[in-house]
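1. The amino acid sequence is not available; the structure is as follows:
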């Protein structure tokens, strides 16, 4: 009898630990549906990692998934220039501040902050571990309308699918080329695309206001991704 | 006859499964690679990276195959600003104005830029 109870308790624990809370997008990202933002200002990423290039890699790739999500993205290079001129290029200063000024100058409804917490390259193989947080804050209510925090293990290697020793050597050579700086642009792109895959659709999307019942992704996630 | 139909169906599914998912906008061909051009420009901003980014903007503007069949937000304005920076102010300003025509929500910001350029 006791062993039965033990088995039931263990299996309950296993099952409950496996289940993740599945919220609809309209509950997880309530503010996105009530405020209905249109214009998004992309702030230069905050880089807390040891990789000095991580900031530019993410900065160069953030506008595409947001625009493809149906939002108006304020011209990224032009806005960057203005932020520099106004001495507002350090996003860290604004993360916990009122964003009213961004509404006034850029007519932005929401501001996208990204915080790169970690970027660790493995010396063998072509794996990179990235910890990144995305935050969309309203310029009017100052509330966080959308946030996700990802631990991403990215595999930049591409298999040649050739067998034998020759194939193995070709694979290693290809991976070495792949891990060159420009290849990391694909990493940033992949992280952004994966994270924003549950972003409620904006006004330019045919799915606008029709995706509220879809399931939102978990706020915190760990994911293995590969070169696309 | 039946076999031919079956073959057609199989070919259709194969082609359909190969097609990339449709997005609101397309961001240019691999040759010009908008992301890499943006990254290189952010890193170095030399003549070569400026020309590469300019070419990628032109590619996006000319060959738009997205669902909306229109130029993505920000592209006309960034292209215009780049043109102004390489001493092509007339065309640059024209492109900045195109952004407002296509995306009226950009009016406040772009008007600010145009006023700045006119000073």
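-> Okay, I see it. Just so we're clear, the structure is a prediction, and the values are computed from it rather than from any experiment.
2. Could I get the contacting residues of residue A:74?
-> Contact partners of residue A:74, counting by Cβ atoms under 8 Å, 6 or more residues apart in numbering or on different chains, are A:39, A:40, A:41, A:42, A:106, A:107, A:108, B:73, B:74, B:106, B:109. C-beta here means a position set from N, CA and C on the backbone, and glycine is covered the same way.
3. if you skip the residues just before and after it, what's nearest to it?
-> Taking Cβ to Cβ, 6 or more residues apart in numbering or on different chains, and ignoring the residues beside it in sequence, residue A:74 has residue A:41 as its nearest neighbour in space, at 4.8 Å.
4. do the same with residue A:99
-> Across the structure, with Cβ to Cβ, 6+ apart as the measure, the residue nearest residue A:99 apart from its sequence neighbours is residue A:139 (4.2 Å).
5. residues touching that neighbour, list them.
-> If a contact means Cβ under 8 Å, 6+ apart, then residue A:139 has A:41, A:99, A:100, A:102, A:103, A:108, A:109, A:110, A:111 as its contacts.
6. 6 Å instead?
-> Contact partners of residue A:139, counting by Cβ atoms under 6 Å, 6 or more residues apart in numbering or on different chains, are A:99, A:102, A:103, A:108.
7. which pair in those spans the largest distance?
-> Of all pairs drawn from the contacts of residue A:139, the one with the largest separation by Cβ to Cβ is A:99 and A:108; the distance is 7.9 Å.
8. going on from the helix or strand of chain A with the lowest mean pLDDT, what's the next piece of helix or strand?
-> The weakest-scoring helix or strand in chain A, judged by mean pLDDT, DSSP states H and E, is helix A:164-178 (a mean of 51). Under the assignment DSSP states H and E, the closest C-terminal helix or strand after helix A:164-178 is helix A:183-195.
9. and the residue nearest to residue A:48 when sequence neighbours are not counted, how many neighbours does it have?
-> If the residues on either side of it in the chain are set aside, residue A:48 comes closest to residue A:117, at 5.4 Å by Cβ to Cβ, 6+ apart. A total of 15 residues lie near residue A:117 under the criterion other Cβ atoms under 10 Å in any protein chain shown.
10. swap in residue B:108?
-> Residues within reach of residue B:108, counting by other Cβ under 10 Å, total 16.
11. hang on, the earlier thing: and which of the contacts of residue A:139 is nearest to chain B?
-> Lowest distance from chain B to those (Cβ to the nearest Cβ) belongs to residue A:108, with 8.3 Å.
12. who does residue A:137 bridge with?
-> Judged by DSSP bridges, the bridge partners of residue A:137 are residue A:111, residue A:144.
13. so what's the nearest residue to residue A:40 once chain neighbours are set aside scoring on pLDDT?
-> Closest residue to residue A:40 apart from its sequence neighbours, by Cβ to Cβ, 6+ apart: residue A:71 at 4.8 Å. Here, the pLDDT recorded for residue A:71 equals 98.
14. Contact distance from chain A - what residues of chain B qualify?
-> B:23-24, B:27, B:35-36, B:38-39, B:42-43, B:72-74, B:77-78, B:81, B:103, B:105, B:108-109 (Cβ under 6 Å from any Cβ of the partner chain).
15. which among those end up buried?
-> B:23-24, B:27, B:35-36, B:38-39, B:42, B:72-74, B:77-78, B:81, B:103, B:105, B:108-109 (16 or more other Cβ atoms under 10 Å in any protein chain shown).
16. OK, contacts around the closest residue to residue A:80 other than its chain neighbours?
-> Computed as Cβ to Cβ, 6+ apart, the closest residue to residue A:80 that is not its neighbour in sequence is residue A:44, at 6.6 Å. With contacts defined as Cβ under 6 Å, 6+ apart, the neighbours of residue A:44 are A:59, A:89, A:91.
17. and those residues near chain B, which?
-> Okay, of the contacts of residue A:44, nothing touches chain B (Cβ under 6 Å from any Cβ).
18. Which one (most neighbours) among those residues?
-> Using other Cβ under 10 Å as the neighbour test, these are led by residue A:59, with 22 neighbours.
19. Look up the pLDDT of it for me, please.
-> Value listed for residue A:59 in the pLDDT field: 94.
20. same question, the one 4 residues further on
-> Per-residue pLDDT puts residue A:63 at 97.
21. and it, what are its phi and psi?
-> Note on residue A:63: backbone dihedrals following degrees, to the nearest 10 are phi -70, psi -30.
22. ok now do it, which residues does it touch?
-> Per Cβ under 6 Å, 6+ apart, neighbours of residue A:63: A:42, A:73, A:76.
23. Can you show me the helices along chain A?
-> Counting by DSSP state H, the segments of chain A that form helices are A:2-18, A:25-28, A:30-35, A:54-59, A:63-68, A:76-85, A:100-106, A:164-178, A:183-195.
24. before we move on, the earlier item: who has more neighbours, residue A:99 and residue A:108?
-> Set residue A:99 next to residue A:108 and count neighbours by other Cβ under 10 Å: residue A:108 wins out with 29 against 22.
25. Could you list the contact residues of chain A toward chain B?
-> Within chain A, the residues that sit near chain B (Cβ under 6 Å from any Cβ) are A:38-39, A:56, A:60-61, A:64, A:67-68, A:72-73, A:75, A:77-78, A:106-107, A:182, A:185.
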